[in-house]
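> heads up, no residue letters with this:
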(Lines give C-alpha, C1' and ligand atoms only; values in the text may rest on other atoms or scores of the structure.)
Protein backbone atom coordinates (compact mmCIF):
# COMPACT_ATOMS: atom_id res chain seq x y z
CA UNK A 1 0.00 0.00 0.00
CA UNK A 2 1.20 3.51 -0.74
CA UNK A 3 2.17 5.92 1.96
CA UNK A 4 -0.47 8.35 3.17
CA UNK A 5 0.86 11.30 1.18
CA UNK A 6 -1.90 13.47 -0.22
CA UNK A 7 -1.50 15.21 -3.56
CA UNK A 8 -3.24 18.60 -3.94
CA UNK A 9 -4.25 20.29 -7.17
CA UNK A 10 -5.90 23.74 -7.49
CA UNK A 11 -9.01 24.21 -9.64
CA UNK A 12 -10.82 27.46 -10.39
CA UNK A 13 -14.58 27.29 -10.98
CA UNK A 14 -15.47 28.80 -14.34
CA UNK A 15 -18.84 29.81 -15.71
CA UNK A 16 -18.91 26.63 -17.83
CA UNK A 17 -18.77 24.55 -14.62
CA UNK A 18 -21.95 26.05 -13.20
CA UNK A 19 -25.68 25.79 -13.67
CA UNK A 20 -28.08 28.69 -14.12
CA UNK A 21 -27.78 29.62 -10.42
CA UNK A 22 -23.98 30.01 -10.39
CA UNK A 23 -23.51 26.78 -8.40
CA UNK A 24 -21.23 24.04 -9.69
CA UNK A 25 -23.23 21.50 -11.71
CA UNK A 26 -22.84 18.00 -10.24
CA UNK A 27 -21.15 16.54 -13.34
CA UNK A 28 -18.42 19.19 -13.17
CA UNK A 29 -17.13 17.61 -9.95
CA UNK A 30 -16.31 14.49 -11.98
CA UNK A 31 -14.07 16.60 -14.24
CA UNK A 32 -12.38 18.15 -11.20
CA UNK A 33 -11.72 14.68 -9.73
CA UNK A 34 -10.36 13.47 -13.09
CA UNK A 35 -7.94 16.40 -13.28
CA UNK A 36 -6.81 15.67 -9.72
CA UNK A 37 -6.18 11.99 -10.52
CA UNK A 38 -4.31 12.82 -13.72
CA UNK A 39 -2.07 15.36 -11.99
CA UNK A 40 -1.47 12.96 -9.09
CA UNK A 41 -0.27 10.32 -11.56
CA UNK A 42 1.90 12.88 -13.37
CA UNK A 43 3.41 13.94 -10.03
CA UNK A 44 4.50 10.37 -9.22
CA UNK A 45 5.94 9.95 -12.72
CA UNK A 46 3.09 8.21 -14.55
CA UNK A 47 1.94 9.79 -17.80
CA UNK A 48 -1.12 8.63 -19.75
CA UNK A 49 0.72 8.94 -23.08
CA UNK A 50 3.54 6.65 -21.89
CA UNK A 51 1.00 4.11 -20.65
CA UNK A 52 -0.75 4.20 -24.03
CA UNK A 53 2.55 3.47 -25.79
CA UNK A 54 2.72 0.31 -23.65
CA UNK A 55 -0.87 -0.54 -24.60
CA UNK A 56 -2.18 0.27 -21.11
CA UNK A 57 -4.66 2.73 -19.67
CA UNK A 58 -6.55 3.36 -16.45
CA UNK A 59 -10.33 3.05 -16.38
CA UNK A 60 -12.66 4.06 -13.57
CA UNK A 61 -14.56 0.97 -12.37
CA UNK A 62 -16.59 2.60 -9.65
CA UNK A 63 -16.97 5.89 -7.87
CA UNK A 64 -18.89 6.66 -4.71
CA UNK A 65 -19.46 10.40 -4.28
CA UNK A 66 -20.91 12.48 -1.49
CA UNK A 67 -21.89 16.05 -2.25
CA UNK A 68 -21.65 17.83 1.11
CA UNK A 69 -21.63 21.52 0.18
CA UNK A 70 -21.89 23.59 -2.98
CA UNK A 71 -19.05 25.26 -4.87
CA UNK A 72 -19.76 28.51 -6.70
CA UNK A 73 -18.54 30.42 -9.71
CA UNK A 74 -15.03 31.91 -9.21
CA UNK A 75 -14.27 29.70 -6.18
CA UNK A 76 -10.69 28.48 -5.92
CA UNK A 77 -10.90 24.82 -4.97
CA UNK A 78 -8.36 22.20 -4.05
CA UNK A 79 -8.69 18.61 -5.26
CA UNK A 80 -6.84 16.14 -3.06
CA UNK A 81 -5.96 12.60 -4.09
CA UNK A 82 -4.66 9.89 -1.81
CA UNK A 83 -4.02 6.19 -2.43
CA UNK A 84 -6.05 3.96 -0.11
CA UNK A 85 -5.15 0.56 -1.59
CA UNK A 86 -3.24 -1.03 -4.45
CA UNK A 87 -3.55 -4.50 -5.92
CA UNK A 88 -1.92 -5.91 -9.02
CA UNK A 89 -4.50 -4.37 -11.33
CA UNK A 90 -6.54 -1.96 -9.19
CA UNK A 91 -6.02 1.30 -7.44
CA UNK A 92 -8.40 2.63 -4.77
CA UNK A 93 -8.19 6.41 -4.34
CA UNK A 94 -9.76 8.78 -1.85
CA UNK A 95 -10.44 12.21 -3.29
CA UNK A 96 -11.82 15.39 -1.82
CA UNK A 97 -12.71 18.80 -3.18
CA UNK A 98 -12.22 21.61 -0.70
CA UNK A 99 -12.78 25.34 -0.55
CA UNK A 100 -10.16 26.56 1.94
CA UNK A 101 -10.50 24.01 4.78
CA UNK A 102 -14.12 23.06 4.05
CA UNK A 103 -14.75 19.70 2.36
CA UNK A 104 -17.36 20.18 -0.36
CA UNK A 105 -17.32 16.79 -2.07
CA UNK A 106 -15.57 13.50 -1.42
CA UNK A 107 -15.25 10.32 -3.41
CA UNK A 108 -13.79 6.84 -3.31
CA UNK A 109 -12.65 5.88 -6.79
CA UNK A 110 -11.66 2.41 -7.95
CA UNK A 111 -9.47 2.47 -11.05
CA UNK A 112 -8.37 -0.60 -13.02
CA UNK A 113 -5.36 -1.04 -15.23
CA UNK A 114 -6.60 -2.23 -18.62
CA UNK A 115 -5.13 -3.30 -21.94
CA UNK A 116 -6.15 -0.86 -24.64
CA UNK A 117 -7.03 -3.92 -26.73
CA UNK A 118 -9.46 -4.98 -23.99
CA UNK A 119 -9.44 -6.62 -20.59
CA UNK A 120 -7.90 -6.00 -17.19
CA UNK A 121 -4.09 -6.02 -17.01
CA UNK A 122 -1.71 -6.30 -14.10
CA UNK A 123 0.29 -3.13 -13.62
CA UNK A 124 4.00 -3.44 -14.44
CA UNK A 125 6.28 -3.61 -11.37
CA UNK A 126 7.81 -0.22 -12.15
CA UNK A 127 4.36 1.37 -12.21
CA UNK A 128 3.43 -0.27 -8.90
CA UNK A 129 6.68 0.99 -7.39
CA UNK A 130 5.87 4.56 -8.43
CA UNK A 131 2.40 4.30 -6.91
CA UNK A 132 3.77 2.83 -3.71
CA UNK A 133 6.37 5.60 -3.47
CA UNK A 134 9.24 3.10 -3.29
CA UNK A 135 10.85 4.33 -6.50
CA UNK A 136 12.82 1.62 -8.37
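Yes, it's here. This one's a predicted model, so the numbers in the text were calculated from it and none came from an experiment.

> low-confidence ranges in this structure?
Residues of the chain meeting the criterion pLDDT under 70: 1-4, 134-136.

> kindly list the longest helix within it.
helix 26-44 (DSSP state H).

> for it, buried residues please.
With burial defined by 16 or more other C-beta atoms under 10 Å, the residues of helix 26-44 counted as buried are 28-30, 32-33, 36-41, 44. For every residue, glycine as well, the C-beta is placed using N, CA and C.

> now swap in stretch 45-63 and tell me
46, 51, 56, 58.

> tally of neighbours for the residue lying closest to residue 5 once chain neighbours are set aside?
Computed as C-beta to C-beta, 6 or more residues apart in numbering, the closest residue to residue 5 that is not its neighbour in sequence is residue 133, at 6.7 Å. By other C-beta atoms under 10 Å, 13 other residues sit near residue 133.

> give me the three-state assignment for residue 117.
At residue 117 the chain is in coil, as set by DSSP: H, G, I helix; E, B strand; the rest coil.

> and the helices in this structure, which stretches?
Secondary structure of the chain by DSSP H: the helices cover 26-44, 48-53, 125-132.

> not counting sequence-adjacent ones, nearest residue to residue 54?
According to C-beta to C-beta, 6+ apart, the nearest residue to residue 54 is residue 124 (7.4 Å).

> try residue 55
Distances taken as C-beta to C-beta, 6+ apart put residue 116 closest to residue 55, at 5.1 Å, once the chain neighbours are dropped.

> how about residue 121?
Nearest one to residue 121, counting by C-beta to C-beta, 6+ apart, is residue 115 at 4.6 Å.

> isn't residue 59 right up against residue 115?
No. Contact criterion C-beta atoms under 8 Å: residue 59 and residue 115 do not qualify, at 10.4 Å.
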